[in-house]
Structure formats: structure tokens, C-alpha cells
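S.K.: below is the sequence, then the predicted model.
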Amino acid sequence: MRAAAPAGSARPARPLPGGTRLVRLHAISRRVPAAVAAIAACALGLRLALIGHWDSYGALQLPLVFEAASAMAITITTASPLGEPERAGGRWLPFLRLASAMMLTAAAAAALAAAGTGAHLAGGPLDVLRNVAGMTGIGLLCAAALGGGLAWAGPAGYLVAGAYALYTQWHGPALTTPWIWPARPPHDLGAAICAGLVFAGGIAVISVRGARDRADE
């Protein structure tokens with residue numbers, strides 16, 4: 001017979017359910033907590049920066065910098081420490097990648113929009129959502145093509161293009177293509193469609209095949 005446990009003894013900790021443990025391990029392996037911390041830092045930085053007085057060009061460019069930084073933090077989480085073996089053996093990986101990218105993008109857009117509450121945030125929440133989603137999509141596509149370690153290059157390069165497009169509005173000739181959506185008004189339908197298409201493409205590619213990483217990286 002099994003001996004009775006002494007009175008007042010602590011019960012052994014119950015193991016986490018399989019699904020919860022899988023999600024937790026995936027988040028840790030992809031450095032999701034670090035990405036959340038980086039997004040929070042971007043929101044705080046934007047809030048502090050909005051306290052200052054900016055001219056029209058600076059007020060438009062300022063949010064774009066923090067939106068790009070948040071997109072970089074999101075796309076770096078696509079890097080896999082296991083590479084091809086993980087891709088071959090994990091049937092839940094597409095759903096985990098999808099959920100991770102979607103939740104981080106939503107968190108970044110919400111945090112940056114909240115940072116502008118009560119301040120003069122150029123473009124407002126719609127502009128934040130469009131820019132974060134579009135630049136995140138670019139980073140996800142770069143992760144699939146170049147690897148998770150280089151995924152940040154996509155949003156960083158697009159930040160330069162977006163800043164230049166804003167510059168041309170004052171110094172001409174103005175760039176009006178909707179594919180450079182940061183320079184378009186927040187209610188511009190064409191710019192929103194372009195950003196949405198890039199985000200949808202990035203989400204689809206990264207969910208299905210993941211980042212182009214090898215185990216030895």
C-alpha cells in the first residue's frame with residue numbers, strides 16, 4: 001500500500017497541459033518575451049518623444065521610426081534555433097507562427113496607438129496600424145528569403161524609403177505611389193490595400209514555411 005502523505009506537506013506541482021507547454025516553449029525559443037519588451041520600449045519612447053515640439057515633417061517622421069523598430073522586433077522572432085529538423089517534425093508550427101506574428105503585430109499597433117493618446121500623433125491609430133502591419137509583412141518576407149537573423153533589414157530599408165517619400169512632399173517631386181504607404185494620408189484606401197497585401201503575404205509565407213534558418217546558425 002502507498003504510504004499516506006504527511007499532513008501539511010506540499011503537493012507536487014501539476015505539469016502544464018501539453019498545448020500550453022508547447023505554446024510557452026515556442027514563445028521562449030523565438031524570444032517573444034524580448035520582442036514584447038522591445039515593443040513596450042518603443043511605445044514608451046514614442047510617448048516621451050511626443051512631449052517635444054516638432055515641425056510638420058518631424059511630426060510625420062517620428063512615429064514611423066518607432067513603427068519600424070517595432071516591426072523589426074516582431075520579425076526577429078521568426079528565427080528558429082533548430083532549423084530544418086523543427087520544420088520537418090512540428091505539425092503545429094504553422095499555427096504557432098501565425099498566432100505569434102498576429103498577436104505581436106496587434107500588440108505593437110495597440111501599444112503605439114495608446115502611446116499617442118492625448119498627444120498629437122500624426123496620422124492617428126489608422127496610420128499606426130497600416131504602417132506597423134505593412135512593415136511587419138516586409139520583415140516576414142525577408143525572414144523567409146534571407147533568414148530570421150536578417151529579417152530586420154526589410155523594415156529598416158523601408159524606413160529609409162518611407163522617410164524619403166515624406167521628404168519629397170516638402171521638396172518635390174512628391175512620391176505618390178500607394179506602395180510607399182507612410183507618405184499617404186491615413187484614410188488612403190490604395191495605401192491600406194498595399195500594406196494589407198504585403199502583411200497577408202508575409203503572414204502566409206512565414207506560417208507555412210517559416211524563416212530560412214539552418215540548425216547550425
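M.R.: Here it is on my side, so go on.
S.K.: how about the helices in the protein?
M.R.: In the chain, the segments counted as helices under DSSP state H are 18-29, 32-49, 56-76, 84-89, 93-115, 124-146, 153-171, 189-209.
S.K.: mean pLDDT lowest for which of these?
M.R.: When the helices of the chain are ranked by mean pLDDT, helix 84-89 comes last with a mean of 49.
S.K.: residues near Arg21, how many?
M.R.: Each residue near Arg21 was counted by other CB atoms under 10 Å, and the total is 11. Using the backbone N, CA and C atoms, a C-beta is placed for each residue, glycine as well.
S.K.: and the helices of the chain: which comes nearest Trp179?
M.R.: Smallest distance to Trp179 across these (CB to CB): 5.1 Å, for helix 189-209.
S.K.: next, the angle from that closest one to helix 124-146.
M.R.: On the basis of axes from the mean of the first three to the mean of the last three CA atoms, to 10 degrees, helix 189-209 is oriented at 40 degrees to helix 124-146.
S.K.: can you list the helices and strands that helix 189-209 packs against?
M.R.: Where contact means 3 or more CB pairs under 8 Å, 6 or more residues apart in numbering; DSSP states H and E, helix 189-209 is packed against helix 93-115, helix 124-146.
S.K.: redo those as JSON lines? Include distance to Ala37.
M.R.: JSON lines is the format used below for the helices and strands packed on helix 189-209 (distance: least, CB to CB, whole Å):
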{"stretch": "helix 93-115", "distance to Ala37": "11"}
{"stretch": "helix 124-146", "distance to Ala37": "17"}
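S.K.: want to try TSV for the helices of the chain, with distance to Trp179 as columns?
M.R.: Formatted as TSV, those follow (distance: least, CB to CB, whole Å):
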stretch	distance to Trp179
helix 18-29	33
helix 32-49	24
helix 56-76	15
helix 84-89	31
helix 93-115	19
helix 124-146	9
helix 153-171	9
helix 189-209	5
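S.K.: between the ones you listed, which gets nearest to Pro182?
M.R.: Closest among the helices of the chain, using CB to CB: helix 153-171, at 3.6 Å.
S.K.: just the buried positions in that closest one, please.
M.R.: Ala153, Gly154, Pro155, Ala156, Tyr158, Leu159, Gly162, Ala163, Ala165, Leu166, Tyr167 (16 or more other CB atoms under 10 Å).
S.K.: with adjacent residues omitted, what lies nearest to the residue nearest to the spatial centre of the chain?
M.R.: Among the residues of the chain, the one closest to the centroid is Ile74, at 3.2 Å (CA atoms, centre = their mean). Spatial nearest neighbour of Ile74, excluding adjacent residues (CB to CB, 6 or more residues apart in numbering): Leu104 at 4.5 Å.
S.K.: so what's the residue count around that neighbour?
M.R.: 24.
S.K.: same check on the one 10 residues further on?
M.R.: Neighbour count of Ala114, defined by other CB under 10 Å: 15.
S.K.: show me what contacts the nearest residue to it once chain neighbours are set aside?
M.R.: Nearest residue to Ala114, sequence neighbours excluded (CB to CB, 6+ apart): Ala43, at 6.8 Å. Residues counted as contacts of Ala43 (CB atoms under 8 Å, 6 or more residues apart in numbering) are Phe66, Ala111, Leu112, Ala114, Ala115.
S.K.: restricting to C-alpha, output stretch 159-171 in CSV.
M.R.: Below are the C-alpha coordinates for stretch 159-171, written out as CSV (Å, rounded to 0.1, in the frame of the first residue of the first chain):
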residue,chain,number,x,y,z
LEU,A,159,12.0,53.1,-43.2
VAL,A,160,14.6,54.9,-45.4
ALA,A,161,12.2,54.7,-48.3
GLY,A,162,9.3,56.0,-46.3
ALA,A,163,11.3,58.8,-44.7
TYR,A,164,12.4,59.9,-48.2
ALA,A,165,8.9,59.8,-49.5
LEU,A,166,7.8,62.1,-46.7
TYR,A,167,10.8,64.4,-47.5
THR,A,168,9.6,64.7,-51.1
GLN,A,169,6.3,66.1,-50.0
TRP,A,170,8.1,69.3,-49.0
HIS,A,171,10.9,69.3,-51.6
